[in-house]
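> Predicted model and sequence follow; I will ask about them next.
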Amino acid sequence: MEIDAPGITIFSLVCVLVHLVTVVWWDQFSITYFACWPWARFHLGRPTSYFRLVSHVLGHSSWKHLYGNLSMLAVVGPANERSYGIGLLSFLTLITAFSCATIHMMFGDTNTALLGASGVVFMMIVLNSLVNFHYMRVPFSLILTTAFWLGREVVEASTTNTNTSHMAHLVGGVVGAVVGYMINEYRTMNAWMRSVNHFTGQTTHQFSWFHKKLQKFRHVD
(Lines give C-alpha, C1' and ligand atoms only; values in the text may rest on other atoms or scores of the structure.)
Protein backbone atom coordinates (compact mmCIF):
# COMPACT_ATOMS: atom_id res chain seq x y z
CA MET A 1 0.00 0.00 0.00
CA GLU A 2 1.29 3.43 -0.96
CA ILE A 3 0.34 6.62 0.89
CA ASP A 4 0.04 9.12 -1.94
CA ALA A 5 -0.72 12.12 0.28
CA PRO A 6 1.20 11.85 3.58
CA GLY A 7 0.39 15.42 4.61
CA ILE A 8 -3.37 14.96 4.22
CA THR A 9 -3.15 11.58 5.94
CA ILE A 10 -1.28 12.97 8.96
CA PHE A 11 -3.66 15.91 9.23
CA SER A 12 -6.69 13.59 9.15
CA LEU A 13 -5.22 11.21 11.72
CA VAL A 14 -4.46 14.08 14.11
CA CYS A 15 -8.06 15.31 13.77
CA VAL A 16 -9.35 11.82 14.58
CA LEU A 17 -6.96 11.50 17.53
CA VAL A 18 -8.03 14.86 18.99
CA HIS A 19 -11.69 13.88 18.77
CA LEU A 20 -11.04 10.44 20.23
CA VAL A 21 -9.33 11.98 23.26
CA THR A 22 -12.28 14.34 23.63
CA VAL A 23 -14.86 11.55 23.46
CA VAL A 24 -13.05 8.88 25.46
CA TRP A 25 -10.87 10.73 27.95
CA TRP A 26 -11.81 14.41 28.51
CA ASP A 27 -14.90 15.99 26.97
CA GLN A 28 -13.42 19.50 27.33
CA PHE A 29 -10.20 18.66 25.48
CA SER A 30 -11.23 20.07 22.09
CA ILE A 31 -12.96 23.15 23.45
CA THR A 32 -9.97 23.91 25.69
CA TYR A 33 -7.08 23.49 23.24
CA PHE A 34 -8.62 23.26 19.77
CA ALA A 35 -11.27 25.98 19.68
CA CYS A 36 -10.83 29.67 18.92
CA TRP A 37 -12.89 32.18 20.88
CA PRO A 38 -13.68 35.80 19.97
CA TRP A 39 -11.46 38.67 21.11
CA ALA A 40 -13.46 39.25 24.31
CA ARG A 41 -12.27 35.86 25.58
CA PHE A 42 -8.71 36.10 24.25
CA HIS A 43 -6.09 36.19 27.02
CA LEU A 44 -2.84 37.87 26.03
CA GLY A 45 -0.88 36.19 28.81
CA ARG A 46 -1.92 32.63 28.00
CA PRO A 47 0.08 30.67 25.40
CA THR A 48 -2.97 28.52 24.64
CA SER A 49 -4.78 31.57 23.26
CA TYR A 50 -2.13 31.91 20.54
CA PHE A 51 -1.96 28.17 19.96
CA ARG A 52 -5.71 28.03 19.32
CA LEU A 53 -5.37 30.59 16.51
CA VAL A 54 -4.22 27.71 14.29
CA SER A 55 -5.06 24.56 16.28
CA HIS A 56 -8.82 25.09 15.93
CA VAL A 57 -8.73 23.35 12.54
CA LEU A 58 -7.93 20.07 14.32
CA GLY A 59 -10.90 20.05 16.71
CA HIS A 60 -14.45 19.01 15.84
CA SER A 61 -17.76 19.15 17.66
CA SER A 62 -19.05 15.69 16.70
CA TRP A 63 -18.28 12.57 14.69
CA LYS A 64 -20.63 13.85 11.97
CA HIS A 65 -18.74 17.12 11.82
CA LEU A 66 -15.42 15.27 11.63
CA TYR A 67 -16.64 12.79 9.02
CA GLY A 68 -18.01 15.54 6.79
CA ASN A 69 -14.77 17.49 6.74
CA LEU A 70 -12.41 14.53 6.40
CA SER A 71 -14.43 12.86 3.64
CA MET A 72 -14.32 16.03 1.56
CA LEU A 73 -10.65 16.48 2.41
CA ALA A 74 -9.93 12.97 1.15
CA VAL A 75 -11.50 13.90 -2.20
CA VAL A 76 -9.68 17.16 -2.95
CA GLY A 77 -6.63 16.96 -0.67
CA PRO A 78 -4.40 14.38 -2.45
CA ALA A 79 -4.60 16.15 -5.82
CA ASN A 80 -3.61 19.42 -4.15
CA GLU A 81 -0.71 17.82 -2.32
CA ARG A 82 0.61 16.25 -5.54
CA SER A 83 0.34 19.55 -7.37
CA TYR A 84 1.57 22.00 -4.73
CA GLY A 85 3.65 19.83 -2.43
CA ILE A 86 3.31 19.13 1.28
CA GLY A 87 5.31 22.19 2.34
CA LEU A 88 3.31 24.76 0.40
CA LEU A 89 -0.01 23.12 1.28
CA SER A 90 0.91 23.13 4.98
CA PHE A 91 1.77 26.83 4.72
CA LEU A 92 -1.58 27.58 3.07
CA THR A 93 -3.35 25.59 5.78
CA LEU A 94 -1.70 27.72 8.47
CA ILE A 95 -2.63 30.92 6.62
CA THR A 96 -6.23 29.77 6.30
CA ALA A 97 -6.43 28.75 9.96
CA PHE A 98 -5.04 32.07 11.15
CA SER A 99 -7.26 34.07 8.77
CA CYS A 100 -10.41 32.24 9.89
CA ALA A 101 -9.46 32.73 13.54
CA THR A 102 -8.79 36.45 13.02
CA ILE A 103 -12.15 37.03 11.34
CA HIS A 104 -13.96 35.02 14.01
CA MET A 105 -12.24 36.97 16.80
CA MET A 106 -13.31 40.24 15.19
CA PHE A 107 -16.90 39.42 14.24
CA GLY A 108 -17.84 36.18 16.02
CA ASP A 109 -20.38 35.95 18.81
CA THR A 110 -18.84 36.16 22.29
CA ASN A 111 -20.16 32.75 23.34
CA THR A 112 -19.39 30.94 20.09
CA ALA A 113 -16.18 29.00 19.53
CA LEU A 114 -14.67 28.28 16.14
CA LEU A 115 -13.43 24.73 15.61
CA GLY A 116 -13.18 22.33 12.70
CA ALA A 117 -11.36 22.01 9.39
CA SER A 118 -14.19 23.52 7.32
CA GLY A 119 -12.17 26.57 6.32
CA VAL A 120 -9.23 24.39 5.25
CA VAL A 121 -11.56 22.13 3.27
CA PHE A 122 -13.07 25.07 1.40
CA MET A 123 -9.61 26.46 0.73
CA MET A 124 -8.61 23.14 -0.84
CA ILE A 125 -11.84 22.89 -2.84
CA VAL A 126 -11.12 26.24 -4.48
CA LEU A 127 -7.41 25.46 -4.75
CA ASN A 128 -8.24 22.20 -6.53
CA SER A 129 -9.97 24.13 -9.30
CA LEU A 130 -6.64 25.87 -10.01
CA VAL A 131 -4.58 22.71 -10.52
CA ASN A 132 -4.65 23.02 -14.33
CA PHE A 133 -3.96 26.76 -14.27
CA HIS A 134 -2.61 28.56 -17.35
CA TYR A 135 -0.81 31.89 -17.24
CA MET A 136 -3.03 34.98 -17.54
CA ARG A 137 -6.20 32.90 -17.75
CA VAL A 138 -8.97 32.51 -15.17
CA PRO A 139 -10.08 28.85 -15.12
CA PHE A 140 -13.80 28.35 -15.68
CA SER A 141 -13.73 25.68 -12.96
CA LEU A 142 -12.67 28.41 -10.50
CA ILE A 143 -15.67 30.51 -11.51
CA LEU A 144 -18.03 27.54 -11.11
CA THR A 145 -16.55 26.57 -7.75
CA THR A 146 -16.80 30.12 -6.46
CA ALA A 147 -20.38 30.50 -7.69
CA PHE A 148 -21.63 27.15 -6.34
CA TRP A 149 -19.80 26.72 -3.05
CA LEU A 150 -19.18 30.25 -1.86
CA GLY A 151 -22.49 31.49 -3.24
CA ARG A 152 -24.28 28.79 -1.25
CA GLU A 153 -22.45 29.85 1.90
CA VAL A 154 -23.51 33.48 1.45
CA VAL A 155 -27.14 32.46 0.99
CA GLU A 156 -27.15 30.08 3.96
CA ALA A 157 -25.39 32.58 6.20
CA SER A 158 -28.00 35.22 5.45
CA THR A 159 -31.11 33.01 5.55
CA THR A 160 -30.46 30.34 8.20
CA ASN A 161 -29.47 30.36 11.85
CA THR A 162 -27.21 27.36 12.50
CA ASN A 163 -23.97 26.58 14.32
CA THR A 164 -22.12 26.23 11.02
CA SER A 165 -19.30 28.72 10.63
CA HIS A 166 -20.13 30.14 7.24
CA MET A 167 -17.57 32.86 7.85
CA ALA A 168 -14.81 30.24 8.09
CA HIS A 169 -16.01 28.67 4.84
CA LEU A 170 -15.96 32.02 3.08
CA VAL A 171 -12.55 32.98 4.42
CA GLY A 172 -11.12 29.60 3.45
CA GLY A 173 -12.52 29.93 -0.03
CA VAL A 174 -11.15 33.44 -0.45
CA VAL A 175 -7.70 32.38 0.76
CA GLY A 176 -7.72 29.42 -1.62
CA ALA A 177 -8.79 31.57 -4.56
CA VAL A 178 -6.48 34.55 -3.98
CA VAL A 179 -3.33 32.81 -2.77
CA GLY A 180 -3.80 29.84 -5.10
CA TYR A 181 -4.22 32.12 -8.11
CA MET A 182 -1.11 34.12 -7.18
CA ILE A 183 1.00 30.99 -6.64
CA ASN A 184 -0.12 29.35 -9.86
CA GLU A 185 0.37 32.54 -11.86
CA TYR A 186 3.90 32.87 -10.48
CA ARG A 187 4.71 29.23 -11.23
CA THR A 188 3.31 29.26 -14.75
CA MET A 189 4.94 32.62 -15.51
CA ASN A 190 8.32 31.21 -14.47
CA ALA A 191 7.73 28.12 -16.60
CA TRP A 192 6.76 30.34 -19.53
CA MET A 193 9.86 32.50 -19.07
CA ARG A 194 12.08 29.40 -18.90
CA SER A 195 10.57 28.21 -22.16
CA VAL A 196 11.18 31.60 -23.78
CA ASN A 197 14.76 31.70 -22.53
CA HIS A 198 15.34 28.17 -23.74
CA PHE A 199 13.94 29.02 -27.16
CA THR A 200 15.91 32.26 -27.46
CA GLY A 201 19.04 30.47 -26.23
CA GLN A 202 18.68 27.82 -28.93
CA THR A 203 17.98 30.49 -31.54
CA THR A 204 21.05 32.47 -30.49
CA HIS A 205 23.18 29.34 -30.61
CA GLN A 206 21.93 28.45 -34.09
CA PHE A 207 22.48 32.01 -35.30
CA SER A 208 26.03 32.00 -33.87
CA TRP A 209 26.76 28.69 -35.61
CA PHE A 210 25.43 30.06 -38.91
CA HIS A 211 27.44 33.28 -38.50
CA LYS A 212 30.67 31.34 -37.91
CA LYS A 213 30.04 29.19 -40.98
CA LEU A 214 29.38 32.32 -43.05
CA GLN A 215 32.60 33.98 -41.87
CA LYS A 216 34.55 30.83 -42.66
CA PHE A 217 33.05 30.74 -46.14
CA ARG A 218 33.98 34.37 -46.78
CA HIS A 219 37.50 33.74 -45.52
CA VAL A 220 37.94 30.91 -48.01
CA ASP A 221 36.79 33.17 -50.83
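Received it, and whenever you're ready, just let me know what you need. Residues are numbered from 1 along each chain as shown.
> Quick check: which ranges of this structure have low pLDDT?
1, 131-142, 145-146, 149-169, 184-221 (pLDDT under 70).
> Doesn't residue 51 belong to a helix?
Yes. Counting by DSSP: H, G, I helix; E, B strand; the rest coil, residue 51 is part of a helix.
> Check which helix or strand residue 43 maps to.
Following DSSP states H and E, one finds residue 43 outside all helices and strands.
> Now it: phi and psi?
Main-chain torsions, residue 43, degrees, to the nearest 10: phi -110, psi 120.
> again, but for residue 114
According to degrees, to the nearest 10, residue 114 has phi -100, psi 120.
> Bridged to it, which residues?
residue 36 (DSSP bridges).
> right, and it touches residue 55 too?
No. Here residue 114 does not reach residue 55: they are 10.9 Å apart, not a contact under C-beta atoms under 8 Å. C-betas here are computed from N, CA, C, even on glycine.
> Please say which of these two ends up with more neighbours.
residue 114 (25 against 20; other C-beta atoms under 10 Å).
> Now do that one against residue 59, distance only.
According to C-beta to C-beta, to the nearest Å, residue 114 and residue 59 sit 9 Å apart.
> between these two, what contacts are shared?
residue 35 (C-beta atoms under 8 Å, 6 or more residues apart in numbering).
> buried stuff in stretch 75-88?
Neighbour counts over stretch 75-88 (16 or more other C-beta atoms under 10 Å) mark 76, 77, 78, 79, 80, 81, 83, 84, 88 as buried.
> between the residues you listed, which is closest to residue 26?
Closest approach between the buried residues of stretch 75-88 and residue 26, by C-beta to C-beta: residue 77, at 28.5 Å.
> nearest spatial neighbour of the closest one, skipping sequence neighbours?
The shortest distance from residue 77 to any non-neighbouring residue, by C-beta to C-beta, 6 or more residues apart in numbering, is to residue 8 (3.7 Å).
> I'd say the one you found and residue 75 touch.
No. Contact criterion C-beta under 8 Å: residue 8 and residue 75 do not qualify, at 10.3 Å.
> In contact with residue 51, which residues are there?
With contact set as C-beta under 8 Å, 6+ apart, residue 51 has these partners: residue 33.
> ok, now residue 41?
residue 110.
> quick one, helices of the protein?
6-20, 29-33, 47-55, 63-84, 86-107, 118-128, 140-145, 151-159, 166-220 (DSSP state H).
> For the third one, buried residues please.
Meaning helix 47-55. In helix 47-55, counting by 16+ other C-beta under 10 Å, buried: 52, 53, 54, 55.
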